[in-house]
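Asks: after the sequence you'll find the predicted model.
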Amino acid sequence: MVKSYFQIGRASDIEDLKERRLFRLLEMLPGFLAWGTLITLILLSWLNPALVSYFVIFFVLLWLLRTVYLSFYLRAGYEKMRENEKADWLTKLNQLKWENIYNLIIFPVYEESLEVIQDSFQALLDSDFPKERMIVVLATEEKAGEKLKNIAGAIEREFGSKFFRFLITVHPKDLAGEIAGKGSNESWAAKKAKDQIIDKLSIAYQDIIISSLDADTRVFPKYFSCLTYHYLTAKKPTRTSFQPIPLFINNIWSAPVISRVFAFASTFWHTMNQNRPEKLITFSSHSMSFKALVDVGFRQSNIVSDDSRIFWQCFFKYDGDYKVDPIFYPISMDANVSKSFFRTTKNIYKQQRRWAYGVADIPYFLFGFLKNKKIPISKKVSLGFELIEGHWSWATASFIIFFIGWLPLILGGEAFSETLLSYNLPIITSRILTIAMLGLITSAYFSILLLPPKPLKYGRFKYLILAGEWLLLPIVMVFFSALPALEAQTRLMLGKYMGFWSTEKFRKKI
């Protein structure tokens, strides 16, 4: 059983029966809110269609305003990212005392190919940060067998001597109390790096920046110099995580249409969030002080969404005195691609469901808010509302916009169908949505700007095709975003807990 409330993975981890029941109720809350909203709107479409009609019009209008609002953030985030790509971060670093700083980079790997891992290590080698200040850990899984062992050996022969220290770790399978996945593997690797390298060399924990990088993550050339500068100039570097902008573009030219739209939509969302640091939570590849990681007892090994949970662990450990700083600098990862279109769509759904299972953070932080009286109430309200509303919208907004709006016309009966509101409802909502969909022009424009160089096999009209693919966004929003989010919340509500699903990394030849 866990010894501290900030090590809880699920309700069953709590020994006290009363507190376990409370945590279980909090686990049910997100699914209850989502299903409660949808069921209530469906019933009211029959019992009070006018009320639902006004609600839908208001909701769609609010969605339009939010789209416009976030589009400005997208543009500002993109411009800041390009500006930071051009900056000479090493020159900036030379104005500071940074010679004692080390970057510890952990690559958790499982079923990825040698090609994928090689590309990530080559990008690391091509970065401008001194390699004699880099400690690199290739975190492998025992259950992956001989194939991964051979890949790790090949990586060590090619890259092992290029860094200050290089370590291969093997995460044992079937450890009690763990959920097998990236988080448990990375936690094991970080502990091994501490014992076998950091403590033996007596390196101060506050002088180490640890970066969690997915196996397919390619850092851009100035990433670590940019990161180190931000770390050294942060007000409280050991109480801050640092979040780059993830670009899902490594294999974007070979990705099928649904995968491309989804990849860019995810990229844009995280670019916009960089301009809202007070709401920012760690996601996927990110960095933090090794001291903070040691202080919280390393990443939890009993959860699925470890990338966001590590923020909350630190947040509670330091009584709310912890934040995420955006660094407006890109890293690139793979779009979700498999061997066939059907398998790709299936994997996109599974990946989105796993991301949406971050909803398990809601009972965790609500329980922590009740336990920790030192955190300012303003922070509790602000962050709590943002996360709850975000997951609620994730699971319900697309259904409300594209389906619920039609139900008053279908279920409202003859009396409602003869009203002026019934006649105007589809006209008003369609016009608002048409205006909102003009925002797709902005999305198409920025997606083309973010594309890597076009392969020779594609002609000039390929860009027009890519722009036109954004018309599929409503389908992506409903079936590959809202639906998996609703499933994730339903599973948590019913106690059908999810395990970690590792996204397949497949690159087609082009």
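Replies: On my side now, so go ahead.

Asks: quick check: Thr233 vs Cys226, distance?
Replies: Applying CB to CB, to the nearest Å, the value for Thr233 to Cys226 is 11 Å. Any C-beta I mention is one placed from the backbone N, CA and C, and that applies to glycine too.

Asks: more neighbours, these two?
Replies: Using other CB atoms under 10 Å as the criterion, Thr233 and Cys226 rank with Cys226 on top: 27 against 12.

Asks: for the helix or strand containing the more buried one, which outside residues touch it?
Replies: Using DSSP states H and E, Cys226 sits within helix 223-233. Contacting residues not belonging to helix 223-233 are listed as 84, 87, 89-90, 92-93, 96-98, 101, 103, 127-129, 134, 209, 211, 237, 240, 242, 244, 287, 289, 325, 327, 329, 331 [CB atoms under 8 Å, 6 or more residues apart in numbering].

Asks: ok, now with 7 Å
Replies: Helix 223-233 is contacted from outside by 84, 89-90, 92-93, 96, 98, 101, 103, 127-129, 209, 237, 242, 244, 287, 325, 327, 329, 331, using CB atoms under 7 Å, 6 or more residues apart in numbering.

Asks: quick one: list the elements packing against the next helix-or-strand element following that helix.
Replies: Note on helix 223-233: by DSSP H and E, the next helix or strand toward the C-terminus is strand 240-247. Other elements packing on strand 240-247 under the criterion 3 or more CB pairs under 7 Å, 6 or more residues apart in numbering; DSSP states H and E are helix 223-233, helix 257-273, strand 286-289, strand 323-332.

Asks: the same query, at a cut-off of 6 Å, please.
Replies: helix 257-273, strand 286-289, strand 323-332 (3 or more CB pairs under 6 Å, 6 or more residues apart in numbering; DSSP states H and E).

Asks: just want the angle from that strand to strand 323-332.
Replies: 30 degrees (axes from the mean of the first three to the mean of the last three CA atoms, to 10 degrees).

Asks: what residues go with each domain of this structure?
Replies: Residue ranges for the domains of the chain, per automatic domain parsing: 16-66+389-494, 90-385.

Asks: deepest-packed of those domains, please.
Replies: domain 90-385 (a mean of 19; mean count of other CB atoms under 10 Å).

Asks: average pLDDT across that one?
Replies: Regarding domain 90-385, the rounded mean pLDDT is 94.

Asks: for stretch 426-438, same thing?
Replies: 80.

Asks: got a list of what Val56 touches?
Replies: Contacts for Val56 (CB atoms under 6 Å, 6 or more residues apart in numbering) come out as Gly405.

Asks: tell me how far it lies from Ser417.
Replies: 16 Å.

Asks: now do Ile401
Replies: 22 Å.

Asks: same deal with Phe224?
Replies: Distance from Phe224 to Ser417, by CB to CB: 63 Å.

Asks: Ser161 too?
Replies: For Ser161, the distance to Ser417 - CB to CB - is 76 Å.

Asks: please tell me how far the residue nearest to Arg507 when sequence neighbours are not counted sits from Ser338.
Replies: Nearest residue to Arg507, sequence neighbours excluded (CB to CB, 6 or more residues apart in numbering): Asn251, at 4.8 Å. The gap separating Asn251 from Ser338 is 11 Å, by CB to CB.

Asks: same question for Leu366.
Replies: With CB to CB as the criterion, Leu366 and Ser338 are 37 Å apart.

Asks: now Asp13
Replies: Applying CB to CB to Asp13 and Ser338 gives a distance of 34 Å.

Asks: please identify the helix or strand for Tyr110.
Replies: Short version, using DSSP H and E: Tyr110 is in no helix or strand.

Asks: contacts only, for it.
Replies: Glu141, Ala144, Ser502.

Asks: contacts only, for the last one.
Replies: Which is Ser502. Here Ser502 is in contact with Tyr110 (CB under 6 Å, 6+ apart).

Asks: at 7 Å instead, please
Replies: Tyr110, Glu111.

Asks: quick one: it is in a strand?
Replies: No - using DSSP: H, G, I helix; E, B strand; the rest coil, the assignment for Ser502 is coil, not a strand.

Asks: which phi and psi does it have?
Replies: Phi and psi for Ser502, reported as degrees, to the nearest 10, are phi -90, psi 120.
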